[in-house]
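Peer 1: Below are the sequence and a predicted model for it; my questions follow.
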Amino acid sequence: MSVRLRLLLSIAIAVLGVSAAAAPARASKPAPTIEPLPPGPIKSVMIGPQSTYVPACLLGPNGPLAYVVNYLLPPDDAYYTLLQPSACAACNGPGGVSIIGLNFALNFQAACDQPVTVSVVGAQGVAGCRTPDPATVLCPPSSYVLSLSSPGTFGFSILLPAPCCISQDAFMCVSFGQSGSSCSTASTRPRLVTTASCAPCVSYNIYPGGNADLCSPAVAFPGNPVMFANADCCSITPARSGSWGRLKLLYR
């Protein structure tokens, strides 16, 4: 075998090796496993500073809770939910809305310490079906660890470090950058909690292997993940002490 042929063969083997190594990162996820919401109480968990303020609007799917979906697959598994300032009638003006806090529901199959990062990013695409624009950051990321000592269904409420105003469509992001401690397998990972029906162009999943509308036939979620923002008019600054009574009512 000539030197040239051996060199070409070595390059081809190296390329194939790189492709094989990269394949898991590009692979599609397994189909979602869907179950009715398990019986039992929905427990409220406040993260970060608390507030007595009652928001003017809730933007995004906030219930009722109906299903659990086993679909999380860290690392870098991010879920985006459409936020439309125009849907807040109380703040229907040129100033837009102020995003005060972000909320989401998860069903924990096991005791777990699950890292999570939340943020708000821009929207792109046609007016009738907006899609996330992760490169345009509107509310900077904040990272937390969801520490649960027992299984169950939980509604998490995170007050942002500082409110941020948006005047156009945007997306809240809940990102699972890595697997949690003691919950890194399909039988122990937290599960998404959804509503009873799925509206397209609202909920998206972006991960290393894809970018999909969760309500599309290709993914076929039974409902939109329960992820929503607390919003007020941009001219109002909420108080930040006491308990956030409105959110606790949502999860009883």
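Peer 2: Looks like it arrived, so ask away.

Peer 1: what helix or strand does residue 129 sit in?
Peer 2: With elements delineated by DSSP states H and E, residue 129 resides in a region that no helix or strand encompasses.

Peer 1: For it, the count of nearby residues, please.
Peer 2: 11 (other Cβ atoms under 10 Å). Where you see a C-beta, it was placed from the backbone N, CA and C, and this is true even at glycine.

Peer 1: That one against residue 200, yeah?
Peer 2: Yes. When contacts are counted by Cβ atoms under 8 Å, residue 129 is listed as touching residue 200 (7.2 Å).

Peer 1: can you give me the helices in the stretch 151-252 of the chain?
Peer 2: Under the criterion DSSP state H, counting those that start in this stretch, the stretch 151-252 of the chain contains helices at 245-250.

Peer 1: low pLDDT regions in it?
Peer 2: Counting by pLDDT under 70, the stretch 151-252 of the chain shows low-confidence ranges at 236-252.

Peer 1: Near residue 222, how many other residues are there?
Peer 2: Burial of residue 222, expressed as a neighbour count using other Cβ under 10 Å, amounts to 19.

Peer 1: same thing with the one 10 residues further on?
Peer 2: A count of neighbours around residue 232, defined by other Cβ under 10 Å, yields 22.

Peer 1: How about residue 207?
Peer 2: Neighbour count for residue 207, taken as other Cβ under 10 Å: 20.

Peer 1: I'd like to know the beta-bridge partner residues of the nearest residue to it once chain neighbours are set aside.
Peer 2: Counting by Cβ to Cβ, 6 or more residues apart in numbering, residue 77 is the residue found nearest to residue 207 once chain neighbours are left out, at 4.7 Å. For residue 77, the beta-bridge partners under DSSP bridges are residue 176.

Peer 1: So residue 77 sits against residue 210, correct?
Peer 2: No. No contact is recorded between residue 77 and residue 210 when judged using Cβ under 8 Å, the distance being 10.5 Å.

Peer 1: picking up where we left off before, report pLDDT for the residue nearest to residue 207.
Peer 2: On pLDDT, residue 77 comes in at 98.

Peer 1: Need the contact partners of the lengthiest strand in the chain.
Peer 2: Among all segments of the chain classified by DSSP state E, the strand with the greatest residue count is strand 131-148. Outside of strand 131-148, the residues that reach it under the criterion Cβ atoms under 8 Å, 6 or more residues apart in numbering are 45, 47-48, 78, 80, 99, 106, 108, 111-125, 154, 156, 158, 160-161, 164, 166, 170-171, 173, 175, 177, 180, 190, 201, 204, 206.
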